[in-house]
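# Dropping a prediction and its sequence here:
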Amino acid sequence: MGMALIFSAVSVQAQTQLKLASFESNKGSWIEVAKVWADPLQSSHELLSEGKGSIILNAPTKKKPGADIVSTEKFGDTEVTLVYMMAPGSNSGMYLQGQYEVQLLDSWAKTQVKAGDNGGIYERWDESKPDGQKGYQGYAPRLNASKAPGVWQTLKVYFKAPRFSPSGEKIENARIISASLNGVTIHEDVELFGPTRGAMAGGEVAEGPIRIQGDHGPIAIQSLEVKRYDTPAPEFGEISYQVFPGAYTELPAENTLKASSSGKIKSFDEFVAGLTSSSLSKFEGKISVKKAGNYTFRMSVPNGLGAIQIGNSTEAPVLKGGMIQTEKALQAGEVSYVIWVSKPTDWTAQGFMLSARSEGMWDQTYSQPAGAEFWSTDPILVNASETPVLRSFIELPGGKKISHGISVSSSSGANFSYDLNSNQLLRVWRGGFLDATPMWDSRGNGVSRPVGVVTELNQGSPLLHNADYSAVTKEWQAKGYQILGDGALRFTSQSKDGIGLNDQIQAKTDGKGIDRILQLTGNSDSLLVFVAPGKTLTKVSDNMYLIEETGIFLVSANAPKVGADGIYLPVTTSLTYSLLF
């Protein structure tokens with residue numbers, strides 16, 4: 001990637017941290033606590049808490065029934081990041097501008113989700129329609145990216161407010177540009193034609209509050225950040241251009257160039273070189289900067305070269321290929337620019353790409369190559385009903401590849417990957433099964449990727465450890481695996497010193513996790529099994545522990561141990577435990 005000189009930023013867009021004091025209408029069910037947890041298998045729809053702190057908790061009781069809270073500050077275009085925890089079976093919602101609800105629900109382990117599920121955009125409502133048709137224009141999330149109740153979840157929404165004319169008439173609908181739940185994209189470019197059911201009175205507005213539903217059940221909020229998108233994009237005024245015939249890979253002295261044509265245009269997309277052979281084009285003019293800030297301009301020329309200068313610069317421009325990027329701290333006002341575009345071959349597509357971005361500004365595209373549509377390969381998704389078990393390379397965070405990996409799906413939606421070399425459970429996830437695009441597209445690289453919310457458990461390190469947490473140095477030879485049924489496999493290995501390992505992993509029929517049974521034959525030592533990374537355990541019930549950093553529940557009759565690298569369980573001849581995620 002070609003890089004121009006990078007200058008320091010003028011400012012960073014401020015984020016608003018909403019605390020309980022940022023809201024009104026609290027009728028007593030909302031409090032601030034230090035810690036929150038829950039037993040995901042309980043039926044009492046309860047969040048437990050202790051201490052006083054900054055976590056916002058809605059804890060309704062008969063004496064203090066839950067009520068909605070509404071932020072005193074109002075917002076227009078925003079990026080909203082909500083970190084929240086649902087109680088088992090609980091229901092809530094976040095209303096953008098008090099009008100458009102993104103549902104917050106305990107949708108744990110559902111295989112089919114609707115608009116009313118976690119992360120869904122709730123329906124609009126019309127009482128005049130017949131029963132069964134009153135709800136309309138609701139949008140289900142692409143997949144169920146929910147975590148278990150009692151685990152912190154992250155919802156990030158990029159929201160564009162409706163636009164109004166000076167007379168107050170709505171001229172553009174609100175949009176959710178994108179939304180992700182726990183790092184998985186669940187919505188993209190959704191137009192909101194009007195308020196959803198239960199919206200605040202008053203109708204659609206240019207700026208409105210954040211409203212959190214509190215009358216349906218307990219919810220905890222670890223943080224709620226709102227970043228305003230109120231930076232207008234810089235505008236390119238009238239553009240002067242010159243076209244010079246010839247194939248250039250370097251910029252010559254400008255006084256040696258002779259233009260074949262020149263003129264003025266209102267936008268880059270109006271530009272026509274007028275040459276079918278190779279050429280060099282120069283564009284110059286003024287950029288109108290509406291708000292001081294740090295702006296990044298990017299350009300690329302298909303099969304060509306380019307250069308961009310923003311503002312005054314003593315450095316001579318240099319033609320570069322690939323993505324060219326320049327970052328500039330600009331004050332409000334008029335700023336000069338010069339752009340060079342070289343088409344050294346006569347078959348290069350007309351035009352070039354030019355865009356800008358900044359904190360608190362929607363990405364702005366000023367030019368696209370004529371007829372240049374950037375096609376990406378359609379994802380090659382593995383159909384779990386046809387291929388429930390798949391051998392492939394498995395890429396771990398950091399780029400390490402597992403060469404002898406196997407991934408297993410289940411009809412209940414709980415999936416896992418296993419390393420046949422280290423006898424380790426690598427990861428668990430729910431949502432979809434596998435994206436095999438890297439494996440099968442073109443020549444492929446043999447890698448398959450999980451589809452959904454992934455919990456990484458292991459980086460391919462040894463399964464067994466000594467009492468001092470040091471790795472057991474045994475060489476294992478995989479003896480194969482046996483498919484036992486839906487989401488169930490038994491893996492067998494033999495060490496060179498005669499210890500046999502049977503490792504049976506079974507997805508739970510309710511989709512809430514996996515069960516694992518380890519059996520060692522010929523072993524008499526007290527060993528430790530590495531279960532998952534993490535350093536903080538919260539006991540939520542008998543034999544159940546939440547691994548805080550990993551966000552999974554460990555169920556074991558044996559008390560877990562916390563080592564320097566993670567969570568361990570003791571084993572001599574057999575071990576049974578479950579992971580809920």
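Nice, I can see it.
# What sits closest to Leu457 if chain neighbours are left out?
Spatially, and ignoring its direct neighbours in sequence, Leu457 is nearest to Ala532 (4.8 Å; Cβ to Cβ, 6 or more residues apart in numbering). Any C-beta I mention is one placed from the backbone N, CA and C, and that applies to glycine too.
# give me the low-pLDDT residue ranges for this protein?
For the chain, the stretches with pLDDT under 70 are 1-14, 347-348, 371-376.
# how does it divide into domains?
15-228, 233-367, 381-580 (automatic domain parsing).
# Next, format the ones you listed as a markdown table and append mean neighbour count.
As requested, the domains of the chain are exported to a markdown table (neighbours: other Cβ atoms under 10 Å):
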| stretch | mean neighbour count |
| --- | --- |
| domain 15-228 | 18 |
| domain 233-367 | 17 |
| domain 381-580 | 18 |
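# For Ile308, which residues count as its bridge partners?
Ile339 (DSSP bridges).
# how about Leu224, what does it touch?
Leu224 makes contact with 17-18, 56, 80-83, 210, according to Cβ atoms under 8 Å, 6 or more residues apart in numbering.
# ok, now with 6 Å
Taking Cβ atoms under 6 Å, 6 or more residues apart in numbering as the contact definition, Leu224 lies against 18, 82.
# Direction included, what does the helix or strand encompassing it pair against?
Following DSSP states H and E, one finds Leu224 within strand 219-228. When pairs are called by DSSP bridges, strand 219-228 turns out to pair with strand 15-17 (antiparallel), strand 48-58 (antiparallel), strand 78-86 (antiparallel).
# For the residue nearest to Leu457, what are phi and psi?
Backbone torsions for Ala532, taken as degrees, to the nearest 10, come to phi -170, psi 160.
# how about it, what does it touch?
457, 547, 550, 566-567.
# Mind doing that once more with 8 Å?
Ala532 is in contact with 455, 457-458, 547, 550, 552, 554, 566-567, 579, counting by Cβ under 8 Å, 6+ apart.
# again with Lys401
The contact partners of Lys401, taken as Cβ under 8 Å, 6+ apart, are 393-395, 447.
# Need those in CSV (columns: secondary structure and distance to Ser417).
Below are the contacts of Lys401 laid out as CSV (DSSP: H, G, I helix; E, B strand; the rest coil; distance: Cβ to Cβ, whole Å):
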residue, secondary structure, distance to Ser417
Phe393, strand, 11
Ile394, strand, 6
Glu395, strand, 11
Val447, strand, 12
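# now those in TSV, with distance to Asp363?
Output for the contacts of Lys401, formatted as TSV (distance: Cβ to Cβ, whole Å):
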residue	distance to Asp363
Phe393	34
Ile394	33
Glu395	28
Val447	29
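# Asp106: which of these is nearest?
Ile394 (30.5 Å; Cβ to Cβ).
# all strands in the stretch 51-200 of the chain, in order from the N-terminus.
Using DSSP state E, counting those that start in this stretch, the strands of the stretch 51-200 of the chain run over 69-75, 78-86, 91-96, 100-105, 124-125, 135-136, 153-160, 163-164, 170-172, 174-181, 184-192.
# Alpha carbons only: can I get the last one in PDB?
Once non-C-alpha atoms are left out, strand 184-192 reads as follows in PDB (Å, rounded to 0.1, in the frame of the first residue of the first chain):
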ATOM      1  CA  VAL A 184     -21.100 -10.900  14.000                       C
ATOM      2  CA  THR A 185     -22.900  -8.700  11.400                       C
ATOM      3  CA  ILE A 186     -26.600  -9.100  11.800                       C
ATOM      4  CA  HIS A 187     -28.000  -6.200   9.700                       C
ATOM      5  CA  GLU A 188     -26.800  -4.100   6.800                       C
ATOM      6  CA  ASP A 189     -28.400  -1.100   5.200                       C
ATOM      7  CA  VAL A 190     -31.900  -1.500   6.600                       C
ATOM      8  CA  GLU A 191     -34.300   1.300   5.900                       C
ATOM      9  CA  LEU A 192     -36.700   2.200   8.700                       C
END
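# That strand pairs with which strands, parallel or anti?
In the sheet, strand 184-192 lines up against strand 174-181 (antiparallel) (DSSP bridges).
# which ones among the contacts of Ala532 are found in strands?
Counting by DSSP state E, these place 455, 547, 552, 554, 567, 579 in strands.
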